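Visitor: turn this into a structure:
(2 chains)
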Protein chains: 2
Amino acid sequence: MISPHSDEYFMKKAYAEAQKALEAGEVPVGAVVVAKNQVIARAHNLTELLTDVTAHAETQAITSASSYLGGKYLKGCSLYVTLEPCVMCAGALYWSQIDKVVFGAKDEERGAGRYTGIYHPKTKVISGIMEKECRDLIKTFFESKRK
Amino acid sequence: MISPHSDEYFMKKAYAEAQKALEAGEVPVGAVVVAKNQVIARAHNLTELLTDVTAHAETQAITSASSYLGGKYLKGCSLYVTLEPCVMCAGALYWSQIDKVVFGAKDEERGAGRYTGIYHPKTKVISGIMEKECRDLIKTFFESKRK
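Guide: Have a look, this model is predicted:
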């Protein structure tokens, strides 16, 4: 059993969002923002539907969480995302001053982890939660595209 | 006289957007996207009005240009922006595969130029167009905030 409010518990919520993206033919990445152990925003990649490269799960989750909170800073919040944030999303997370970023699968090619100092110095970054499941979802998507 | 369709000509359009931001109490940064010598999108910073850290001039201009073109890639386009793009915006420009980015004032503290390899390898980056005017606008804003 997964203990409630653990990183794995919230990553499962992000994973459910990624599955929705997969069903919609989008690159399967999902994200949730959590404040006081409550999910306050959920989003998945919508770059195809919106024909907009900026519509990543993370940027949308940030916008949605800020709207919910009525303020642009996400201090006291955590973002859970199935794939390592890219440079754009890590840059957005920098501006949000979010407390914690938790990601599932690493993105060796496009992940912000290729650079140092992109995240806000106050932001704690945790990786590898449900790594295999998150990576498999992406793999399944790209394999199906190649067929 | 400024020759039409020069970098300075389009930077003046971006500068006019930045002035609108200043009048609205936003950090004065403006951007336009140009395709075939025509402005197809214009935007300015709206982080305060939208309470959203992702609402930079560049991200909004990208979204708007993609909407105009009906496609998510900005190949064949140029973005003019009064201040050097931050990491988030340079990351967004990466995904857009835009041909050219022209900025006015350098941002030593937050600009993407602190890192190498953030922009798309196909993207040409030009700086220093109307540098003084663009920098002065930002300076005026922050000095008025300090009062």
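
Visitor: wait, what's in contact with the spatially most central residue of chain A?
Guide: The residue lying closest to the centre of chain A (C-alpha atoms, centre = their mean) is A:V81, at 2.4 Å. Contacts for A:V81 were tallied using C-beta atoms under 8 Å, 6 or more residues apart in numbering or on different chains; they are A:A14, A:V29, A:G30, A:A31, A:A57, A:E58, A:A61, A:C89, A:V101, A:V102, A:F103, A:G104. Bear in mind the C-beta positions are built from the backbone N, C-alpha and C, glycine included.

Visitor: how about those residues in JSON lines, adding distance to chain B?
Guide: JSON lines is the format used below for these (distance: C-beta to the nearest C-beta, whole Å):
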{"residue": "A:A14", "distance to chain B": "18"}
{"residue": "A:V29", "distance to chain B": "13"}
{"residue": "A:G30", "distance to chain B": "18"}
{"residue": "A:A31", "distance to chain B": "13"}
{"residue": "A:A57", "distance to chain B": "13"}
{"residue": "A:E58", "distance to chain B": "9"}
{"residue": "A:A61", "distance to chain B": "10"}
{"residue": "A:C89", "distance to chain B": "7"}
{"residue": "A:V101", "distance to chain B": "14"}
{"residue": "A:V102", "distance to chain B": "19"}
{"residue": "A:F103", "distance to chain B": "16"}
{"residue": "A:G104", "distance to chain B": "20"}
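
Visitor: got those as CSV, with pLDDT, neighbour count and secondary structure columns?
Guide: Converted to CSV, those look like this (pLDDT from 0 to 100; neighbours: other C-beta atoms under 10 Å in any protein chain shown; DSSP: H, G, I helix; E, B strand; the rest coil):
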residue, pLDDT, neighbour count, secondary structure
A:A14, 98, 32, helix
A:V29, 98, 32, coil
A:G30, 98, 30, strand
A:A31, 98, 32, strand
A:A57, 98, 30, helix
A:E58, 98, 29, helix
A:A61, 98, 31, helix
A:C89, 98, 33, helix
A:V101, 98, 26, strand
A:V102, 98, 23, strand
A:F103, 98, 30, strand
A:G104, 98, 28, strand
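
Visitor: for these, which one is nearest A:T116?
Guide: Closest approach to A:T116 among these (C-beta to C-beta): A:V101, at 14.9 Å.

Visitor: bridge partners for the closest one, pull those for me.
Guide: A:L79, A:V125 (DSSP bridges).

Visitor: that one contacts A:T123, correct?
Guide: Yes - counting by C-beta atoms under 8 Å, A:T123 is a contact partner of A:V101 at 5.9 Å.

Visitor: which residues are in contact with A:I129?
Guide: A:D7, A:E8, A:M11, A:Y80, A:V102, A:F103, A:G104.

Visitor: much appreciated, bye for now.
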